[in-house]
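S.K.: Model the structure of this input:
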Amino acid sequence: MIFKRNAVLVTVLFALSVTVLSVSYTFYQLYETNRTKHIDNLFTKYSLISQIYNSFLLKQISLPMLEANLAVYDLYVINNTAEYDDITSQSTVLKEDGEKISPHIAYDAPYNEFIVSQIHARMLQNDGKIYFWIQSNHHSMLLEDRKVSGYSPSTLIYAYITILMMLLFSFALIIYRLNPLRRLRRQIARFGEGNMAVRFRTKGEDEIALIANEMETAQEKIRSLIESRTLFLRNIMHELKTPIAKGRIAATMLENEKQQSRFAGIFERLEGLIVEFALIEEITSGSQYIQKKEYRVLDLIDGAIDMAMVDYDAVDNAVVGSIKLNVDYRLFTTAIKNMIDNAIKYSSSGSMKIRLENENIVFMNEGRELLQPLTHYIQPFTKDSPTRDSFGLGLYIVDAILNEHDFDLLYERRGEMNCFIFAPKKSKRR
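M.R.: Residues are numbered from 1 along each chain as shown. Just a heads-up that it's a prediction; the model follows:
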């Protein structure tokens, strides 16, 4: 869920990680290549050293002459035994050439008419210094190259750090520029929850600012439409109350009791419709008008029965105990009242049952099975056929109230019983 809500941010961070890893790998390969070339270039001195060394082994030059020739190229012989052992044992081998010679040899063995046929050379690095360790069958020599030093990737490191800082700065700038988008998402969510006081307008001329300002314009139009609709509905309901009241008074003056009863029923239905319209307008105006508190389910049902003005014997209420719901009392009792009205109205026995099953409130009555899916009946003024009474706004209002309380209206057929269920939404149950 967190990943889905922050998909753009996660994608940017993933791109940053991939870019940093790619750049790091590229610089590592570049470091290895440059280091190898540097070592190869240094090791080219080996051919010169081998020629001078061979001359010494063949007795063409003396040891002092050997050291003098090597000194010309800034190569100096390490004669100290302790230093020799320390360097040869602790140094890093950068490159070597030739077959290895047995380590049990003297530093300066006699020639004895032996022609050297094998030389093994190693280039060593110790404390940043470069050494050439030359070995033959009967002689060993360690040379310090004072003209060169080990490979230093300082320039490469500076370039890597510079590019890395530029990448981090660029991605930090991207994330910073995305912050208004995240803020806009939160504002849209608050607006969707019914908070009409949310303001979207922001400074700037980038794409996010343009979207936010367009949202502000759309919000103003929506607010204007809602206010116009609310004013229109309230004026109509107010204007209709006066003629309905006059009509009810006039109906009582009719001498024919049948006509009087018929007109009284018509005006009563009109008055009931006005009340239902007012309730719908209140629900759809926004959830900020709903005041939720904890109430016992038993008290909610008793209040709904009183509101429905039906005989208590017609309602088989088996709900007991102290189970509570966090609801708006007036709205939720209205939803239960509508369910009681419909259950008794469409019951073949003139009665209904109310049961509590775990967190679900079940309204049961004997009657014909619904011919259409429940979604058909929660629309205003739906009915099964022209010969049957309409459901009116009852189930439509129930569904709207339940949505505001995070409940679903469900339907089941159990034998001969129709069961309408108030069930907490699945997301809430989890």
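S.K.: Buried ones in whichever strand or helix holds residue 85, by neighbour count?
M.R.: Secondary structure from DSSP states H and E places residue 85 in helix 81-90. Residues of helix 81-90 classed as buried: 84, 87-88 (neighbour count, 16 or more other C-beta atoms under 10 Å). (C-beta placed from N, C-alpha, C; glycine too.)
S.K.: Same check on stretch 405-414?
M.R.: In stretch 405-414, counting by 16+ other C-beta under 10 Å, buried: 405, 407-409, 411.
S.K.: Equivalent analysis for stretch 67-81, please.
M.R.: In stretch 67-81, counting by 16+ other C-beta under 10 Å, buried: 67, 69-70, 75, 78.
S.K.: again with stretch 17-31
M.R.: So, applying 16+ other C-beta under 10 Å, buried residues of stretch 17-31: 19, 27.
S.K.: then it to PDB, C-alphas only?
M.R.: Extracted in PDB, the C-alpha atoms of stretch 17-31 (Å, rounded to 0.1, in the frame of the first residue of the first chain):
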ATOM      1  CA  SER A  17      20.100   3.800  -7.200                       C
ATOM      2  CA  VAL A  18      20.500   2.300 -10.700                       C
ATOM      3  CA  THR A  19      22.300   5.400 -11.900                       C
ATOM      4  CA  VAL A  20      24.700   5.500  -8.900                       C
ATOM      5  CA  LEU A  21      25.400   1.800  -9.300                       C
ATOM      6  CA  SER A  22      26.000   2.200 -13.000                       C
ATOM      7  CA  VAL A  23      28.300   5.100 -12.600                       C
ATOM      8  CA  SER A  24      30.200   3.400  -9.800                       C
ATOM      9  CA  TYR A  25      30.700   0.200 -11.800                       C
ATOM     10  CA  THR A  26      31.900   2.300 -14.800                       C
ATOM     11  CA  PHE A  27      34.400   4.200 -12.700                       C
ATOM     12  CA  TYR A  28      35.600   0.900 -11.100                       C
ATOM     13  CA  GLN A  29      36.200  -0.600 -14.600                       C
ATOM     14  CA  LEU A  30      38.000   2.600 -15.600                       C
ATOM     15  CA  TYR A  31      40.100   2.400 -12.400                       C
END
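S.K.: Residues contacting it, please?
M.R.: 153, 156, 159-160, 163-164, 167, 171 (C-beta atoms under 8 Å, 6 or more residues apart in numbering).
S.K.: got TSV for the buried residues of helix 81-90, with pLDDT and distance to residue 189 too?
M.R.: Shown next, in TSV, are the buried residues of helix 81-90 (pLDDT from 0 to 100; distance: C-beta to C-beta, whole Å):
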residue	pLDDT	distance to residue 189
84	88	76
87	88	70
88	87	72
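S.K.: quick one on the thing from earlier: mark which of the contacts of stretch 17-31 are buried, thanks.
M.R.: Listed as buried from the contacts of stretch 17-31 are 153, 156, 160, 163, 171; burial here means 16+ other C-beta under 10 Å.
S.K.: Among the buried residues of stretch 405-414, which one lies nearest to residue 143?
M.R.: For the buried residues of stretch 405-414, the minimum distance to residue 143 (C-beta to C-beta) is 88.2 Å, reached by residue 408.
S.K.: residue contacts, that closest one?
M.R.: Counting by C-beta under 8 Å, 6+ apart, residue 408 touches 402, 422-425.
S.K.: low-confidence ranges in the stretch 51-200 of the chain?
M.R.: 99-117, 193-194 (pLDDT under 70).
S.K.: make it 50
M.R.: 104-116 (pLDDT under 50).
S.K.: residue ranges of the helices in it, please?
M.R.: Taking DSSP state H, counting those that start in this stretch as the test, the helices found in the stretch 51-200 of the chain are 63-72, 81-90, 154-192.
S.K.: need these in JSON lines with distance to residue 31, can you?
M.R.: Listed next are the helices of the stretch 51-200 of the chain as JSON lines, based on distance: least, C-beta to C-beta, whole Å:
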{"stretch": "helix 63-72", "distance to residue 31": "31"}
{"stretch": "helix 81-90", "distance to residue 31": "24"}
{"stretch": "helix 154-192", "distance to residue 31": "6"}
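S.K.: of all these, which lies closest to residue 259?
M.R.: Closest among the helices of the stretch 51-200 of the chain, using C-beta to C-beta: helix 154-192, at 50.9 Å.
S.K.: if we can go back for a sec, for residue 374, which of the helices of the stretch 51-200 of the chain is the nearest?
M.R.: Nearest of these (C-beta to C-beta): helix 154-192, 25.2 Å.
S.K.: What is the burial count for residue 192?
M.R.: Burial of residue 192 is recorded as 9 neighbouring residues (other C-beta atoms under 10 Å).
S.K.: now do the one 4 residues further on
M.R.: The burial count assigned to residue 196 is 14, neighbours taken as other C-beta under 10 Å.
S.K.: Next, the contact list for residue 144, please.
M.R.: Residues counted as contacts of residue 144 (C-beta under 8 Å, 6+ apart) are 75-76, 78, 129-131.
S.K.: And it, how far from residue 293?
M.R.: Going from residue 144 to residue 293 by C-beta to C-beta, to the nearest Å gives 90 Å.
S.K.: what are the ranges of the helices in the stretch 201-350 of the chain?
M.R.: Taking DSSP H, counting those that start in this stretch as the test, the helices found in the stretch 201-350 of the chain are 207-251, 257-284, 297-308, 329-345.
S.K.: Counting by contacts, list what the shortest one packs against.
M.R.: If I follow you right, that is helix 297-308. On a contact count with 3 or more C-beta pairs under 8 Å, 6 or more residues apart in numbering; DSSP states H and E, helix 297-308 meets strand 315-317, strand 324-327, helix 329-345.
S.K.: swap in the longest one?
M.R.: Judged by 3+ C-beta pairs under 8 Å, 6+ apart, helix 207-251 is in contact with helix 154-192, helix 257-284.
S.K.: Residue 293 bridge partners, please.
M.R.: With DSSP bridges as the criterion, residue 293 is bridged to residue 327.
S.K.: That one: neighbouring residues, count only.
M.R.: 10.
S.K.: Residue 349 now?
M.R.: Neighbour tally, residue 349, other C-beta under 10 Å: 10.
S.K.: What of residue 151?
M.R.: By other C-beta under 10 Å, neighbour count at residue 151 equals 19.
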